[in-house]
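Colleague: this is a predicted model, with the sequence first.
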Amino acid sequence: MIQAEELSKWYGRRPAVQGLSFAVSPGQICALLGPNGAGKTSTMRMLVGLSRPDAGAVRIADRPVSLGAPVLRRVGVLIDGPAFVPHLTGAANLRLLWQAAGRDWPPPGLDDALDLAGLGAALDRRVKGYSMGMKQRLTLAQALMRQPDVLVLDEPATGLDPAEVRALRRHLAARAAAGATVLISSHQLAEVQMLASHLVVMNRGTLVAAGALDDLLGGVGSLEDAYLTMIEGSDRAAR
């Protein structure tokens, strides 16, 4: 459902992503892992058409991706943090974002998305009074309310308390069980180990490893230990 083919992205003379290829199939929850600066967010932006690759290609549902491509209507996105109209309420912002694409209100997954975001009465308050955590949760609701076939979520648990993180984990597992394709980035490795079925590990803009979680753990048992071993090996190889 998600195909990255030899993706590369440069910012001036600095390579952010180099020759990256991986795929995520329906029903999989794939975690995109790597240290800060590994190129994860640049990769996610290219996957959903927010950034054009300097080389390579992206396909979703076997269709090429570019900014505004019709296939992106099937994708729920949480990248780059929240961006809303500050003088409107949370509820009004969600409605505006949905109807801007010419779709009838309400979206199919609105109630579940609002329950998961846990904003309660704050939905009827202006967003300019929201904390960063509340804005993040509103962004999460915006990504989930359409019941998308594909989810691309960059650090989706930011601003959530432990009970909300658990609810998010269960929601994503249920979406994957229903056939959705989920790609998340996260530094919360213990949470990733409970959630993910597959991993893509990056370092210095390149692919370190990709495959099923159990295969990449290799009997180590701890994702943290396996991840650190992979990154340290990649750093040694780059020296």
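Modeller: In hand now; what should we look at?

Colleague: show me where the chain has strands.
Modeller: Using DSSP state E, the strands of the chain run over 2-11, 14-24, 29-33, 55-60, 63-64, 75-78, 150-154, 181-185, 198-203, 206-212.

Colleague: which neighbours does the last one have in its sheet, and in what orientation?
Modeller: The one in question is strand 206-212. Sheet pairing of strand 206-212 (DSSP bridges) gives strand 198-203 (antiparallel).

Colleague: hmm, who's touching the strand it pairs with?
Modeller: With C-beta atoms under 8 Å, 6 or more residues apart in numbering as the test, strand 198-203 has contacts from 20, 22, 24, 28-35, 38-40, 43, 192, 207-213, 216, 227, 230-231, 234-235, 238. (Each C-beta comes from the backbone N, C-alpha and C, glycine too.)

Colleague: so how do I select the buried members of those in ChimeraX?
Modeller: A single ChimeraX command selects the buried members of the contacts of strand 198-203 (16 or more other C-beta atoms under 10 Å):
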select :20,22,24,28,29,30,31,32,33,34,38,39,40,43,192,207,208,209,210,213,216,227,230,231,234
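
Colleague: now do the contacts for the residue nearest to the spatial centre of the chain.
Modeller: For the chain, L153 is the residue whose C-alpha lies nearest the centre (C-alpha atoms, centre = their mean; 1.7 Å). L153 is in contact with 76-79, 140, 143, 182-185, counting by C-beta under 8 Å, 6+ apart.

Colleague: so which of those would you say is closest to D161?
Modeller: Set against D161, the nearest of the contacts of L153 by C-beta to C-beta is L140 (13.2 Å).

Colleague: and the gap between that closest one and L94?
Modeller: 11 Å (C-beta to C-beta, to the nearest Å).

Colleague: who has more neighbours, those two?
Modeller: L140 (27 against 24; other C-beta atoms under 10 Å).

Colleague: pretty sure that one contacts L116?
Modeller: Yes. Counting by C-beta atoms under 8 Å, L140 touches L116, with 7.0 Å between them.

Colleague: find the residues that touch each one of those two.
Modeller: Taking C-beta under 8 Å, 6+ apart as the criterion, L140 and L116 both touch L168.

Colleague: the residue nearest to the centre of the chain pairs with what?
Modeller: L78, I184.

Colleague: for it, report the pLDDT, please.
Modeller: pLDDT, L153: 95.

Colleague: quick one, what contacts the nearest residue to Q193 once chain neighbours are set aside?
Modeller: Among residues not flanking Q193 along the chain, L223 sits closest, at 4.1 Å (C-beta to C-beta, 6 or more residues apart in numbering). Neighbour list for L223: 189-190, 192-193, 213, 217 [criterion: C-beta under 8 Å, 6+ apart].

Colleague: quick one, helices of the chain?
Modeller: 40-47, 90-99, 110-117, 132-144, 162-177, 189-195, 213-217, 223-238 (DSSP state H).

Colleague: would you format those as a markdown table with mean pLDDT and distance to A16 included?
Modeller: Shown next, in a markdown table, are these (pLDDT from 0 to 100; distance: least, C-beta to C-beta, whole Å):
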| stretch | mean pLDDT | distance to A16 |
| --- | --- | --- |
| helix 40-47 | 96 | 4 |
| helix 90-99 | 92 | 28 |
| helix 110-117 | 88 | 31 |
| helix 132-144 | 88 | 23 |
| helix 162-177 | 90 | 27 |
| helix 189-195 | 94 | 22 |
| helix 213-217 | 95 | 24 |
| helix 223-238 | 92 | 15 |
